[in-house]
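1. this is a predicted model, with the sequence first.
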Amino acid sequence: MDVRHLAGVDTTRAVRLLSEVRSATLSGQRAPMAPRPVIEESWERVLRSGVDPDHDVRAGLLSRAEVQRRREGSALRHVLPVLREGLLPFADAGRHIMVVADADGRVLWREGSPAVLRKADDLGFAVGADWREDVVGTNGVGTPAVTRRPVQVFAAEHFVRSHAAWTCAGAPLTDPRDGRLIGVVDVSGPLETVHPSTLAWVGSVAKLAEARLREHHLESLERLRSVAAPVLARTGGRALVVDRHGWTAAVTGMPYTRRLALPDALSAGTRWLPTLGRCSLEPLAGGWLVRAADGPVSRAASRVVLDLREPRGASLAVSGGAGSWSRRLSPRHAELLYLLAVHRAGRSAAGLAEDVFGDPARTVTVRAELSRVRRYLGGLLEHRPYRFTEGADIDVLLPEDPRDLLPHSTAPALGDGRRHPTVREGRHRGPESPPGPRPGRAGP
């Protein structure tokens, strides 16, 4: 039964049914119907986080100054006009509010029907509030941030009982440059305002906002290119100018590469970069001048640490004789690198496509993503089949509870990993070494 469509036809019956489902499920009894999978998985996560379903938790609001600081530093400010134009005229008329939160779940903007805004105040759904899923339970801001896809939460699908008089539909907003979550846009209102098309509407406007971010990125690269041209004209040897995220504006003395992998923490001076080896870096307005040193590129590295302990931020660290660096991973790259750590003997593109999408025919997408991964992993990742190089030590750090492993992922292969993790926390030397905990560090 599609509860969202039922709610649009018979709200009272849908509310009663969901209330029965919620009560039975949370008490461990047999429910009249199963919750939707996205809601059931959210309830399981929230139960593990310790949220009390009968008492709403209100974290302290951010100060006005901190809210303003976050607004000015967030890419969300560039897409507010798109979100307002696409959502507010209909939200206000339909007794909804639009809420925009950052990647930390903090509400930064909140606009719409004055009457609904007052009701939201009663729930603590105010500017500066912390609306993460593990703080306030299943909701239209925190749950899309975890799942990385649009989610509608209706009535008693909310984990906390006091939120059950609301319907919410939220969609994540990601940075098109690297796939990282930058925030969530949500439309919320009283139960009687529910409509089956609301989720598609919010998701479509979120995609328009991400398209605006892509345009903004291209515009910024064009500005940097005008700065780069005279600088590179005076530069000998191999050099390129990139923005702060590594996207190339201009290049000289070497083949064009669309993006240069940069460590998360970067400063002027001599650094080792995965694809160029030893380089000198000089800051420019809006980016970096990168000069490649003469001599062969060194790709030697001895240790790779794939850290999956934080549900909201996977990361990769590489260290060895040639230097060290680290970077945050997009959700898709975290999935692929985890699967390659599980299958240390290697995995074909078709095998990975089946692991990730349940469809072995989607090899084009897999190859494109792994091509991007190899830009920063260089010689540490081989292909035919795809695998970590035999000489590298692979350290995989997993969450304490296997069910928290990459919770945003819908990859079929991750289902088994959450129930019966194949890779334990520990070091693996080469593709044939057996899984097992690293000495002195117990696996979860």
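-> The structure has been received and is ready for your questions. Numbering: from 1, shown residues only.
2. least confident secondary structure element in this protein?
-> The weakest-scoring helix or strand in the chain, judged by mean pLDDT, DSSP states H and E, is strand 426-429 (a mean of 42).
3. now the helices for the stretch 201-350 of the chain?
-> 331-342, 349-357 (DSSP state H, counting those that start in this stretch).
4. with adjacent residues omitted, what lies nearest to Gly253?
-> Arg238 (4.3 Å; Cβ to Cβ, 6 or more residues apart in numbering). Where you see a C-beta, it was placed from the backbone N, CA and C, and this is true even at glycine.
5. which residues are in contact with that neighbour?
-> Counting by Cβ atoms under 8 Å, 6 or more residues apart in numbering, Arg238 touches 252-254, 276, 291-292.
6. may I ask which of those has the most neighbours?
-> Sorting the contacts of Arg238 by how many neighbours each has (other Cβ atoms under 10 Å) puts Leu276 first, at 21 neighbours.
7. now do the contacts for the nearest residue to Phe159 once chain neighbours are set aside.
-> Excluding its sequence neighbours, the residue lying closest to Phe159 (Cβ to Cβ, 6+ apart) is Gly137, at 3.0 Å. Each residue near Gly137 by Cβ under 8 Å, 6+ apart is listed here: 46, 51, 53, 158-160, 163.
8. equivalent analysis for Phe125, please.
-> By Cβ under 8 Å, 6+ apart, the contact list for Phe125 reads 99, 107, 110, 131, 188.
9. show me which pair in the contacts of Arg238 is furthest apart.
-> Thr252 and Leu276 (13.6 Å; Cβ to Cβ).
10. give me the local confidence score for the nearest residue to Asp404 once chain neighbours are set aside.
-> Using Cβ to Cβ, 6+ apart and skipping the chain neighbours, the partner closest in space to Asp404 is Pro311 (5.3 Å). Pro311 is assigned a predicted lDDT (pLDDT) of 72.
11. show me where the stretch 201-350 of the chain has its strands.
-> Assigned by DSSP state E, counting those that start in this stretch, the strands in the stretch 201-350 of the chain fall at 239-243, 248-252, 269-273, 277-284, 287-292, 303-307, 315-320, 323-328.
12. is it possible to get CSV of the ones you listed that adds distance to Arg84 and mean pLDDT?
-> Below are the strands of the stretch 201-350 of the chain laid out as CSV (distance: least, Cβ to Cβ, whole Å; pLDDT from 0 to 100):
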stretch, distance to Arg84, mean pLDDT
strand 239-243, 27, 93
strand 248-252, 31, 93
strand 269-273, 40, 81
strand 277-284, 34, 86
strand 287-292, 30, 91
strand 303-307, 37, 90
strand 315-320, 34, 82
strand 323-328, 29, 76
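13. among those, which is the most enclosed?
-> Ranked by mean neighbour count, those are led by strand 239-243 with a mean of 24 (mean count of other Cβ atoms under 10 Å).
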